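Engineer: give me coordinates for this.
(one chain, ligands or ions: 1)
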Amino acid sequence: MSPPGAGDAAHFDVLVIGSGPAGQKAAVQAVKAGRRVALVEQEPGVGGMCVHRGTIPSKTLRESALQLSRLRSSAALLDFALKPGLEVASLMARLDEVVAAHVAYMGRQMSRNGIQLYHGRARFLSDRLVEVLSVDGSTRRLTAETIFIATGSRPRSPAEIPIDHENILDSDSILSMLYLPESLTILGGGVIACEYASIFAHLGVRVTMIDRADRPLKFMDAELVEKLVRDFERTGGRFLGERNIGSVEWDGVSKVVTRLATGETIESDKMLVALGRAAAVDGLDLAAAGLRANARGLLEVDAHCRTAIPHIYAIGDVIGPPSLAATAMEQGRRAACHALGLPPGSAAEMIPIGIYTIPEMASVGLSEDDAVKRFADIEIYRASFRPMRHTLSGRDEKMLMKLVVDGATRKVIGAHILGPDAGEMAQLLGIPLKAGLTKDDFDRTMAVHPTAAEELVTMYKPTYRVKNGERV
Ligand SMILES: Cc1cc2nc3c(=O)[nH]c(=O)nc-3n(C[C@H](O)[C@H](O)[C@H](O)COP(=O)(O)OP(=O)(O)OC[C@H]3O[C@@H](n4cnc5c(N)ncnc54)[C@H](O)[C@@H]3O)c2cc1C
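Structural biologist: So this is what the prediction gives:
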């Protein structure tokens with residue numbers, strides 16, 4: 001039966017709002033199960049923030065920074081600097097091409113799968129009825145048995161910081177900066193703050209990071225993070241931890257002035273505010289569907305990503321951390337399976353995390369701190385080295401690898417890596433960790449030589465043990 005007010009609405013089994021990684025996966029899972037699926041996207045291209053303002057653009061700039069840093073380290077005889085006043089866009093020359101190809105590919109994938117795409121802004125008229133407002137002002141009504149809210153997130157803008165998107169920027173506007181600044185202050189110590197801090201530092205910008213915590217990336221292995229901060233400081237960056245912001249202002253001439261509660265003053269050409277993300281639910285008219293965001297501005301869901309209204313699910317950044325494309329996709333797939341009564345497979349306990357700082361950082365499984373809380377006896381295997389493969393080409397990049405092993409069963413329960421291709425390694429390590437393989441299985445595995453990853457199967461002795469919380 002049509003919901004009240006549906007009129008000539010088009011009816012679908014599944015309606016997805018938002019075409020980012022979460023929405024796409026939910027939509028694809030539903031069509032695979034033979035359902036009629038509609039997807040609404042307000043932007044001209046599909047793909048979400050991930051493609052247009054997040055992962056892809058930031059990694060494009062990172063590639064330029066990485067190439068420059070490798071040139072500098074391998075060509076010690078060359079003394080070069082970037083041209084002053086370099087245009088940021090010139091460092092991302094291939095971005096438009098990469099994004100256009102990606103968007104076209106995803107669009108084709110959707111139409112091949114028979115997903116009906118509506119271009120416009122969606123808002124709820126009731127819990128089963130959605131209105132789509134197109135750019136030309138026309139509206140369309142859609143009804144569905146199951147609705148997925150996958151509208152993502154936007155940068156959090158604290159009221160006391162005057163973000164003007166010209167001098168004081170957020171993670172959406174930072175890449176529209178015309179010229180590479182000489183100095184940049186970054187507020188925050190999360191993934192986005194750290195990635196941009198190391199990227200800009202490697203591009204020769206004087207970067208100052210300011211955070212309330214004593215170190216950035218509190219959820220990652222402390223030793224890896226300490227090394228990352230040391231590397232950042234070696235490239236001319238500064239990390240100011242345990243600092244509260246007093247005020248931020250643009251002086252109207254040439255500098256952003258940041259006053260800290262400690263009395264310190266920091267001046268820089270530009271500022272990046274990276275103080276977390278807020279759910280993008282404005283304009284959705286959640287109340288019409290019987291929903292509301294919680295005090296933190298996020299949509300609350302149960303273990304299956306179901307909201308308080310059982311046929312409406314919320315997936316991806318709109319439900320809050322970890323706010324990664326990888327988790328958004330998995331939430332989309334699992335929620336669609338749940339809604340359609342399909343087995344989703346066991347939940348991923350071993351969530352791999354890749355952080356694209358320079359150097360790259362990645363982990364899968366338990367950190368040392370978490371393992372100590374859950375196991376009476378753990379062993380840490382640790383290697384810090386310069387991969388021979390890289391030194392051959394003159395690259396001066398160090399790696400730090402740690403395996404966390406349960407001393408009782410010998411199972412490898414965590415892996416943490418800092419260095420080139422850390423993300424690729426963590427991805428693959430997820431398989432033996434999920435399968436419950438032991439350190440002895442690792443030791444009996446043949447290694448490809450010369451590789452950096454061979455170290456993972458040749459760390460024969462634990463560096464130290466932690467028994468009942470005591471390091472021995
Ligand atoms: C700088 C940066 C770097 C990042 N790097 C990484 C990384 O390296 N690895 C990683 O895993 N993650 C990374 N992320 C995070 C990742 O981009 C997000 O976690 C991911 O995009 C979230 O996916 P989503 O589907 O929930 O939302 P989004 O990708 O934000 O997609 C939501 C979509 O919904 C649409 N929408 C919103 N409201 C409406 C409406 N009312 N009607 C119609 N459409 C609507 C939006 O236009 C958007 O297209 C990064 C993020 C940033 C900002």
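Engineer: so what's the residue count around Thr409?
Structural biologist: Counted with other CB atoms under 10 Å, the neighbours of Thr409 add up to 13. Bear in mind the C-beta positions are built from the backbone N, C-alpha and C, glycine included.
Engineer: wait, it sits on Thr438?
Structural biologist: Yes: with contact defined as CB atoms under 8 Å, Thr409 counts as touching Thr438 (7.0 Å).
Engineer: now the residue in the stretch 301-450 of the chain that the ligand sits nearest to. Its backbone dihedrals?
Structural biologist: In the stretch 301-450 of the chain, the residue found nearest to the ligand is Gly316; the distance is 2.1 Å by CB to the nearest ligand atom. Dihedral pair for Gly316: phi 80, psi -150, per degrees, to the nearest 10.
Engineer: hang on, Gly68 packs against Leu82?
Structural biologist: Actually, residue 68 is Leu rather than Gly. Yes: under the criterion of CB under 8 Å, Leu68 is in contact with Leu82, at a separation of 7.4 Å.
Engineer: looking at those two, which one has more neighbours?
Structural biologist: Leu68 (17 against 13).
Engineer: roughly how far does that one sit from the ligand?
Structural biologist: Separation of Leu68 from the ligand (CB to the nearest ligand atom, to the nearest Å): 19 Å.
Engineer: so that residue is in which element?
Structural biologist: Using DSSP states H and E, Leu68 sits in helix 55-74.
Engineer: show the average pLDDT along that helix.
Structural biologist: Averaged over helix 55-74, pLDDT sits at 85.
Engineer: repeat for stretch 351-370
Structural biologist: Averaging pLDDT along stretch 351-370 gives 93.
Engineer: from the middle of its chain, how far away would that stretch be?
Structural biologist: 12 Å (CA atoms, centre = their mean, to the nearest Å).
Engineer: contact partners for Ala26?
Structural biologist: Taking CB atoms under 8 Å, 6 or more residues apart in numbering, we find Ala26 in contact with Val14, Val16, Phe148, Ala150, Tyr313, Ile315, Gly332, Arg333, Ala335, Ala336.
Engineer: how about the second one, secondary structure?
Structural biologist: The reference is to Val16. When classified by DSSP: H, G, I helix; E, B strand; the rest coil, Val16 comes out as strand.
Engineer: thought it was touching Arg36?
Structural biologist: No: checked against CB under 8 Å, the pair Val16 and Arg36 is beyond contact range at 11.9 Å.
Engineer: which of those two has more residues huddled nearby?
Structural biologist: Each of Val16 and Arg36 has its neighbours counted (other CB under 10 Å); Val16 has more, 32 against 17.
Engineer: so who does that one touch?
Structural biologist: Gly23, Ala26, Ala27, Ala30, Val37, Ala38, Leu39, Val40, Ile147, Phe148, Ala150.
Engineer: relative to the ligand, how far out is Pro57?
Structural biologist: 7 Å.
Engineer: would you agree that residue is in contact with Leu175?
Structural biologist: Yes: counting by CB under 8 Å, Pro57 touches Leu175, with 5.3 Å between them.
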